[in-house]
Every structure is written in C-alpha cells, then in structure tokens.
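**Student:** sharing a model prediction with you, sequence too.
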Amino acid sequence: MTHWTSDQLDKFGKAEEVQIASARPDGTLGRPVTIWVVRHGDDLYVRSVRGRKGHWFRGTQERHEGQIRAGRLKEGVTFIDAGRDIDDEVDAAYRTKYRRYAGSILNSVLTPDARSTTIKLVPRSTSA
C-alpha cells in the first residue's frame, strides 16, 4: 500500500478546504466538490455532511477511486471506509482544525450521519 509523503500530509492536512472527485464507472473523474479534510497521525480523512445521501459520497462507493486537490497539489486516491473505532479521533481532529467555525457549521461533520461516512484517503500508486 502506498503512503503519503510528509510534504503531502502537511499540505493536504493544513489545507482549509480540498476538492475531491470520485471516478465514474468509465474511469473519468466526476465534478470536484469542495470539502474539509483532517489529518490524524499519518492518515487523511473526509466526511459527507449530507451523510450517505451526499452525491460525492455515493460516487466514492462505486469505484473507490478518485482524486484530491489542494491548490496545485493533486493526488489520485483510493477511498477506504474507515472503521467506526476511529470516529472519536476524527471528531477531535475536526474540532481542533475547524474550531473557529462554531455551532452548526462545525457540527455538520460531527452528526451520526456524517460520522457514518468517514473515509480514509490513501494515495494510489502511480507505478505500473
């Protein structure tokens, strides 16, 4: 399995927002959606504020591949459903990183529906 470089973790982990696009059945990328991303250890996680009804989330469940972009940095990713055992740590990462967005904005990624969509982003190997 491929791992994030320190530079990628730093840049994606510190980005206020990222654009994420899932791969369609034919392999082309869908329209990117702007979302929040958090870092926990050497891993990156995202959630759908609309829960499993979120269009971009449903796309991640088809091919489990896509792309993440922050500014000029972009990387092909594999979407892995995170186990529920990481939810509290990911909650804490969201609370820490986005604490200035008090109330309903921050809480939108902490609901049971959003928590049920926690996805770990793993870089895809570009070697053949």
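**Tutor:** Sure thing, it's come through.
**Student:** only C-alpha atoms for contact and neighbour calcs from this point on.
**Tutor:** Fine.
**Student:** can you give me the strands in this structure?
**Tutor:** Remark: strands assigned in the chain by DSSP state E are 18-22, 33-35, 37-40, 43-46, 65-70, 73-81, 119-123.
**Student:** tell me the helices and strands packed up against the second one.
**Tutor:** So the one you mean is strand 33-35. The helices and strands touching strand 33-35, judged by 3 or more C-alpha pairs under 8 Å, 6 or more residues apart in numbering; DSSP states H and E, are strand 18-22.
**Student:** just checking, what packs against the strand it packs on?
**Tutor:** Short answer (3+ C-alpha pairs under 8 Å, 6+ apart): strand 18-22 packs on strand 33-35, helix 55-63, strand 65-70.
**Student:** before we move on, the earlier item: the strands of the chain: which one's closest to residue 98?
**Tutor:** Closest to residue 98 of the strands of the chain is strand 37-40 (C-alpha to C-alpha; 9.2 Å).
**Student:** which residue packs closest to residue 116, ignoring adjacent ones?
**Tutor:** Of all residues not flanking residue 116 in the chain, residue 51 sits nearest, at 6.9 Å (C-alpha to C-alpha, 6 or more residues apart in numbering).
**Student:** thanks a lot, catch you later.
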